[in-house]
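*Asks:* Turn this into a structure:
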Amino acid sequence: MKYLSTRGDPARRGFSDILLEGLAPDGGLYLPGRYPRIGADTLARWRDLPYADLAFEILSLFIDDIPADDLRAIVRRTYTREVFGSEAITPLKPLGPGLALQALSNGPTLAFKDMAMQLLGQLFEYELARRGETLNILGATSGDTGSAAEYAMRGKKGVRVFMLSPHGRMSPFQQAQMFSLPDANIHNLAIDGVFDDCQDIVKAVSNDLEFKRRHRIGTVNSINWARLLAQVVYYFAGYFQATTTDDERVSFAVPSGNFGNVCAGHVARMMGLPIDRLVVATNENDVLDEFFRTGRYRVRGAADTHETSSPSMDISKASNFERFVFDLLGHDEGAAARTGQLFGVDVARGGFELTAEEFGRVRGFGFVSGRSTHADRIATIRDTQQRFGVTIDPHTADGLKVAHEHRRPGTTMLVLETALPIKFAATIREALGREPERPASLAGIEDLPRRCKLLAADTAAVKSYIANHCGP
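*Replies:* Numbers count the residues shown, from 1 in each chain. Got it, this is the predicted structure:
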């Protein structure tokens, strides 16, 4: 299996190379040259596999440069009851006939990002040891990616983490999870701006090839294909739990900011998983909802990026969206040229609009969308608690609210849970008038000493910090 850039770079690379590289040299994102297709026999064979073995089967279709025994050992070390709290790893929580949450937030940082990041930490350590190299990971977070990456990488040999976050824009719990880590290989950089400023800096550093190579820069954001690939697994796991035969179809509602989570569902659908609809749920920062309604992708500046009660989705430039558009346009050389123009040039000018013919293809990929407001999220949290006795966080509430709008008779709707409620206690207090439950291991985390450096939203300042702290 070789990987190509969405913008047409002629080189074809193996999985282990793109694992450490992140962005392609031309600024594009990596995708497999083709999507493996699975048939009915394979689905039937996979249906009753434990989660780790299912992960091995799916990952091995995309990874042929890690020995099978090593890859199997890696995934079995990653997906355990001890780390994720149950044998199912991502169990379903029924909310009535044909509707359920898929629990993705039982990992160490209480967010769905752990599902991929725990695997990424194992893969990085394995590959760096195999090569005798080190890696400086540069990432951006709007809330959950940062803590998931840091908890996955803390103590890993040969790895340092430099994590950018928007200053003051995360919940107090999210900040405490990241900034309280004492590990010397973890560096938290609070950027005076919004998440998109952080993401732009990560891309700018990654596009400086000389700096990137000299300082051995890699990434854990979902622009890293390995992370997105790990997320494909739980779509299959959810489907198998929600169905009894492989003739049934399931829809997934996905709270969406950077498009990585739902893009994994797109990959699963391209592989042949019987997905009916992929429901893209946004908050007031509705650039993705606007696209799926109109074909216009209109990015917003910092001043027009709303600070909301679902802060991990306060994003107006969805990095992974480029992968879907490349597939929409044909996944070939012509698509690469068009994608390079749209995302390499037009986005910097404010966005783009697809032609009528291009936009007409969207329906065939199963996407629909919707948005929520703060009032919608509060109402959904209350309703879910009152009717089902289940407390959900505001991002999951966004997904559930939009899921209700797109349910179809005879098709099960799974809503991807994105975080546990304790991460957003202020919103839960507003909705339910009480504190959300807190795991005993995280009691008093907000009171721990913090390690964080405040920097301007300036690529040069971030480069200087990395150069001074990345070691020999």
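*Asks:* Going by C-alpha atoms from here, please, whenever you check contacts or count neighbours.
*Replies:* Noted.
*Asks:* what secondary structure does Val390 sit in?
*Replies:* coil (DSSP: H, G, I helix; E, B strand; the rest coil).
*Asks:* quick one, phi/psi of it?
*Replies:* Backbone torsions for Val390, taken as degrees, to the nearest 10, come to phi -120, psi 130.
*Asks:* can you pull the contacts of it?
*Replies:* Neighbouring residues of Val390 by CA atoms under 8 Å, 6 or more residues apart in numbering: Thr384.
*Asks:* Retrieve the pLDDT associated with it.
*Replies:* pLDDT, Val390: 96.
*Asks:* same check, this time on Val287
*Replies:* In this model, Val287 carries a pLDDT of 94.
*Asks:* Got the phi and psi for it?
*Replies:* The phi/psi pair for Val287 (degrees, to the nearest 10) is phi -60, psi -40.
*Asks:* ranges for the helices of the stretch 201-350 of the chain?
*Replies:* 209-214, 225-242, 260-271, 287-294, 321-328, 333-341 (DSSP state H, counting those that start in this stretch).
*Asks:* Lowest average pLDDT across these?
*Replies:* Looking at these, the bottom one is helix 209-214 with a mean of 90.
*Asks:* Next one: Ala461 relative to Gly27, how far apart?
*Replies:* Distance of Ala461 to Gly27, computed by CA to CA, to the nearest Å: 21 Å.
*Asks:* can you check Leu101 too?
*Replies:* From Leu101 to Gly27 the distance is 36 Å (CA to CA).
*Asks:* if you count what's nearby, which of the two comes out ahead?
*Replies:* Leu101 (25 against 21; other CA atoms under 10 Å).
*Asks:* Wasn't that one part of a strand?
*Replies:* Yes. Applying three-state DSSP, one finds Leu101 inside a strand.
*Asks:* Could you point out the bridge partners of it in the sheet?
*Replies:* For Leu101, the beta-bridge partners under DSSP bridges are Lys93, Val415.
*Asks:* In contact with it, which residues?
*Replies:* Applying CA under 8 Å, 6+ apart, the residues near Leu101 are 92-95, 414-417.
*Asks:* Narrow those residues to just the buried residues.
*Replies:* 92-93, 414-417 (16 or more other CA atoms under 10 Å).
*Asks:* can you put those in TSV and add distance to Val159?
*Replies:* Shown next, in TSV, are these (distance: CA to CA, whole Å):
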residue	distance to Val159
Leu92	34
Lys93	36
Leu414	36
Val415	34
Leu416	30
Glu417	29
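*Asks:* The stretch 301-450 of the chain: strands as residue ranges?
*Replies:* Residue ranges of the strands in the stretch 301-450 of the chain, as given by DSSP state E, counting those that start in this stretch, are 351-353, 367-371, 412-416.
*Asks:* Turn those strands into a markdown table, columns for distance to Ile66.
*Replies:* Below are those laid out as a markdown table (distance: least, CA to CA, whole Å):
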| stretch | distance to Ile66 |
| --- | --- |
| strand 351-353 | 39 |
| strand 367-371 | 34 |
| strand 412-416 | 30 |
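*Asks:* Quick check: which of those is buried the most?
*Replies:* Most buried of those, by mean neighbour count (mean count of other CA atoms under 10 Å): strand 412-416, with a mean of 28.
*Asks:* What lies in contact with that one?
*Replies:* Contacts of strand 412-416 (CA under 8 Å, 6+ apart): 98-104, 238, 242, 249-255, 396, 399-400, 403, 407.
*Asks:* Quick check on Arg47: phi, psi?
*Replies:* The phi/psi pair for Arg47 (degrees, to the nearest 10) reads phi -50, psi -40.
*Asks:* what's the answer for the one 4 residues further on, then?
*Replies:* With angles defined as degrees, to the nearest 10, Tyr51 sits at phi -60, psi -50.
*Asks:* cool, the one 5 residues further on as well?
*Replies:* In terms of degrees, to the nearest 10, the main-chain angles of Phe56 are phi -60, psi -50.
*Asks:* Quick check: it touching Arg72?
*Replies:* Yes. Counting by CA atoms under 8 Å, Phe56 touches Arg72, with 5.7 Å between them.
*Asks:* For the stretch 51-200 of the chain, which segments are assigned as helices?
*Replies:* Counting by DSSP H, counting those that start in this stretch, the helices of the stretch 51-200 of the chain are 51-60, 68-78, 81-84, 114-131, 144-153, 172-179, 195-207.
*Asks:* For the longest one, enumerate the helices and strands it packs against.
*Replies:* Spelled out, that is helix 114-131. Counting contacts by 3 or more CA pairs under 8 Å, 6 or more residues apart in numbering; DSSP states H and E, helix 114-131 packs against helix 15-21, helix 68-78, helix 144-153, helix 225-242.
*Asks:* do you know how far Ser171 is from Glu446?
*Replies:* For Ser171, the distance to Glu446 - CA to CA - is 11 Å.
*Asks:* what sits up against stretch 79-92?
*Replies:* Contacts for stretch 79-92 (CA under 8 Å, 6+ apart): 50-52, 100-104, 106-108, 234, 237-238, 241-242.
*Asks:* how about 6 Å then?
*Replies:* 52, 101-104, 106-107 (CA atoms under 6 Å, 6 or more residues apart in numbering).
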